[in-house]
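here's a sequence, model it:
(2 chains)
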Number of protein chains: 2
Amino acid sequence: MIAHTPEPPYYAVIFSTIRTEGDRGYSDMAALMEELAQKQKGYLGIESARTQMGITVSYWKDLESIRSWKQHTEHVIAQKKGKAIWYSKYKLRIAKVERDYGFEE
Amino acid sequence: MIAHTPEPPYYAVIFSTIRTEGDRGYSDMAALMEELAQKQKGYLGIESARTQMGITVSYWKDLESIRSWKQHTEHVIAQKKGKAIWYSKYKLRIAKVERDYGFEE
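The predicted structure follows:
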């Protein structure tokens, strides 16, 4: 679902990925990381979609929150497995959300 | 595919959507808009993924490029149809990419 984020400014981490073949534990780890991210300081929300490519955008209060989530022990293990097993390619972009607007029926 | 963007800083427009039922011209318009966006000044790339929700991230040189693409005549028509027909909900976030890194097998 679309994340309920506060008024800007806040940060977005745009994680764009191309997967390798087969699941090989990916889905379990993805669910675990999403659950764990929610418990981190400064976490504001997450959005995820996948066709051939996947895009996950997580939203954070500040750069410090992103940094400490990046260094979280279990997350570091997931990152290593991501490179070794699950992703053939990825790009991660850290961006400061300056404004936003929306629409709801 | 993952967009080949230049060194930061540049801008990301994160467009997160929940679709209504049925296609009703959506796919054609989405393809047209993607084609048209590529011809705009300051356009740097686009990434798109959809499951239940869709996320499209387009990348731009600066805010002026985003503003002029927003006001493009055909794009304005697509925006109106989006609200009237295709989306039950969306959120658009404009963010300044401050850093990025990637991985390729």
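
just give the nearest non-adjacent residue to the residue of chain A found nearest chain B, would you?
Closest contact between chain A and chain B, by CB to the nearest CB, is at A:Ala95 (3.6 Å). Using the backbone N, CA and C atoms, a C-beta is placed for each residue, glycine as well. Among residues not flanking A:Ala95 along the chain, B:Ala95 sits closest, at 3.6 Å (CB to CB, 6 or more residues apart in numbering or on different chains).

quick revisit: identify the bridge partners of the residue of chain A closest to chain B.
A:Ala12, B:Val97 (DSSP bridges).

mind listing what it touches?
Residues in contact with A:Ala95 (CB atoms under 8 Å, 6 or more residues apart in numbering or on different chains) are A:Tyr11, A:Ala12, A:Val13, A:Ile14, B:Tyr11, B:Ala12, B:Ala95, B:Lys96, B:Val97, B:Glu98.

report the two of these separated the most.
Within the contacts of A:Ala95, A:Val13 and B:Tyr11 form the most distant pair, 15.5 Å apart (CB to CB).

so these two - more neighbours on which side?
Just comparing A:Val13 and B:Tyr11: by other CB atoms under 10 Å in any protein chain shown the higher neighbour count belongs to B:Tyr11, 22 against 19.

my guess is that one contacts B:Val97. True?
Yes - under the criterion of CB atoms under 8 Å, B:Tyr11 makes contact with B:Val97 at 6.7 Å.

quick check: neighbours shared by these two?
Shared contacts of B:Tyr11 and B:Val97, defined by CB under 8 Å, 6+ apart, are found at A:Ala95, B:Tyr59.

so A:Lys81 sits in a helix?
Yes - per DSSP: H, G, I helix; E, B strand; the rest coil, A:Lys81 lies within a helix segment.

any idea how far A:His75 is from the nearest residue to it once chain neighbours are set aside?
Leaving out its chain neighbours, the residue that sits closest to A:Lys81 by CB to CB, 6+ apart is A:Met29, at 6.6 Å. Distance of A:Met29 to A:His75, given as CB to CB, to the nearest Å: 10 Å.

next: A:Ser68.
10 Å.

more neighbours: these two, which one.
A:His75 (17 against 14).

I figured that one hits A:Met33, correct?
Yes - the criterion here is CB under 8 Å, and A:His75 meets it with A:Met33 at 6.4 Å.

just the strands in chain A please.
A:10-19, A:43-50, A:53-60, A:87-104 (DSSP state E).

now for the first one, which elements pack on it?
Read it as strand A:10-19. strand A:53-60, helix A:63-70, strand A:87-104, strand B:10-19, strand B:87-104 (3 or more CB pairs under 8 Å, 6 or more residues apart in numbering or on different chains; DSSP states H and E).
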